[in-house]
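*Asks:* here is a sequence with its predicted model. Questions after.
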Amino acid sequence: MPEAVIVSALRTPVGTARKGTLRDTDAYTLADGIVRASADRLAELGVEPDRIDDIMLAEGLYGGGVIARHAALTAGLPTVPGLAHNRHCAASLAAVQSAAASIRSGMDEVVLAGGVNSASTSPRLRLGDEPWVPPTHPDRPDAPNLDMSITVGWNAAVAANISRQDMDAWALRSHQGAIRAIDEGRFKDEIVPVETPYGLFDTDEHPRRDTSLEKLAGLKPLHPEIEGFSITAGNAAGGNDAAAALALVSDRLGLPALATVKAWASVGVDPADTGLAPVQAIPKALARAGLSTDDVDLYEINEAFASMCVAVVRRLDLDPDRVNVNGSGCSLGHPVAATGGRMLVTLVHELRRRGGGIGVAAMCAGGGMGSAVVVEVGSES
């Protein structure tokens, strides 16, 4: 059986939705740029455009127009089909999983996989005269539909006894890690700049240099009517715009690999327990790779809310110093359909910077789901 290896891992900078630099750059433009850059990287490795078997891009709630095929055409890849993926927040992880599965089965040899998200320009759906958003699950009082601050943030905090101080401290750590990574140039090799109406965009803009525990503690809870509720805008992920793509190929092509996709797993949990879904997904994926949490060198666990990330770290007894070392959702942001791809891109490059090792990217997803991907970066890569 061939192995699925990653030979290119690229992303755009992450923009702040509706008021950031990408506010007038739509998902099609973002996808075009990242697919074009990925195809160029493959060409540098000797893989011509007609060798690309498929493009699988998550597009979340963008509208279902198969952005991947649109990007193939605009990037000059007319013979390459496209697939629109959706597993809510974990959609671009699912795209990478599907690409790896197709390669390991021998059906495909070269696939671009990732995701694109433009919260700034996504269409607003209506049902009659009323705004409408597709529901993630049947509505319940303990798991209200479309209110992730409860189903992901607050419920995880209550279940794992995470305090407001715990959340704010983790959020501050996230911002500090992201700012440090930007200042040290850790993202340089993974970012593809984007031409925008406001100039060249080449640096993540969501992390806050000036935040502090005092500022975070001063923010109002999102649901003051709920006793003890301590989820705020400061310890939650932002709304964001970005795209990410990884080029996966069969190891039989003999190309220099950045990483090998070792295993993956997705799980379903009660919607009220959505934030804790990675607690099940991570061990399941590791077991499929013949590994345990003790074997993992770095984790990327999306901070949809700081509370759920802290809860996962505690429930699995993970070393916090190996988790989100360059920031995550609270700082870099959560460009929903692109987040899983962004996490894998950053994880692969950070492992390479450290000389190799085992990495896990994991996240919860709306409607009571979770997903994880295990990668290995060789010491000689």
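*Replies:* Here it is on my side, so go on.
*Asks:* strands along the stretch 1-150 of the chain, start to end?
*Replies:* For the stretch 1-150 of the chain, the strands defined by DSSP state E, counting those that start in this stretch occupy 4-11, 15-16, 54-58, 82-85, 110-118, 126-127, 130-131.
*Asks:* and the average pLDDT for the longest one is what?
*Replies:* Spelled out, it's strand 110-118. For strand 110-118, the mean per-residue pLDDT is 97.
*Asks:* name the strands paired with that strand and say parallel or antiparallel.
*Replies:* Paired with strand 110-118 in the same sheet, following DSSP bridges, are strand 54-58 (parallel), strand 240-250 (antiparallel).
*Asks:* show me how far the shortest one is from its chain's centre.
*Replies:* So that's strand 54-58. Distance of strand 54-58 from the chain centroid (CA atoms, centre = their mean, to the nearest Å) equals 15 Å.
*Asks:* okay, that strand in CSV with CA atoms only?
*Replies:* The C-alpha trace of strand 54-58 is given here as CSV (Å, rounded to 0.1, in the frame of the first residue of the first chain):
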residue,chain,number,x,y,z
ASP,A,54,-8.1,16.1,-7.8
ILE,A,55,-8.6,19.2,-5.6
MET,A,56,-10.5,18.8,-2.4
LEU,A,57,-11.4,22.0,-0.6
ALA,A,58,-13.6,22.5,2.4
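*Asks:* and it, average pLDDT?
*Replies:* 97.
*Asks:* got a list of contacts for that strand?
*Replies:* 31, 35, 67-69, 71-72, 77, 80-87, 91-92, 94-96, 98-99, 102, 108, 111-116, 245, 337-338, 340-341 (CB atoms under 8 Å, 6 or more residues apart in numbering). In short, each C-beta sits where N, CA and C put it, glycine included.
*Asks:* are any of these buried, and if so which?
*Replies:* Buried subset of the contacts of strand 54-58 (neighbour count, 16 or more other CB atoms under 10 Å): 31, 35, 67-69, 71-72, 77, 80, 82-87, 91-92, 94-96, 98-99, 102, 108, 111-116, 245, 337-338, 340-341.
*Asks:* which parts of the lengthiest helix in the chain are buried?
*Replies:* Longest among the helix segments of the chain by residue count, using DSSP state H, is helix 164-183. For helix 164-183, the neighbour count (16+ other CB under 10 Å) marks 164, 166-179, 181-182 as buried.
*Asks:* on that earlier part again, would you turn the strands of the stretch 1-150 of the chain into a markdown table with distance to residue 304?
*Replies:* A markdown table is the format used below for the strands of the stretch 1-150 of the chain (distance: least, CB to CB, whole Å):
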| stretch | distance to residue 304 |
| --- | --- |
| strand 4-11 | 18 |
| strand 15-16 | 17 |
| strand 54-58 | 16 |
| strand 82-85 | 19 |
| strand 110-118 | 14 |
| strand 126-127 | 26 |
| strand 130-131 | 23 |
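*Asks:* is residue 308 in contact with residue 276, as I believe?
*Replies:* Yes - the criterion here is CB atoms under 8 Å, and residue 308 meets it with residue 276 at 6.9 Å.
*Asks:* common neighbours of these two, please.
*Replies:* Common neighbours of residue 308 and residue 276 (CB under 8 Å, 6+ apart) are 156, 364.
*Asks:* tell me which of the two has more neighbours.
*Replies:* Neighbours per residue, other CB atoms under 10 Å: of residue 308 and residue 276, the larger number sits with residue 308, 35 against 23.
*Asks:* which residue is the nearest non-sequential neighbour of that one?
*Replies:* Nearest-residue entry for residue 308: residue 275, 3.3 Å, with adjacent residues in sequence omitted and distances by CB to CB, 6 or more residues apart in numbering.
*Asks:* residues in contact with the one you found?
*Replies:* Neighbouring residues of residue 275 by CB under 8 Å, 6+ apart: 151, 152, 153, 155, 156, 304, 305, 307, 308, 311, 364.
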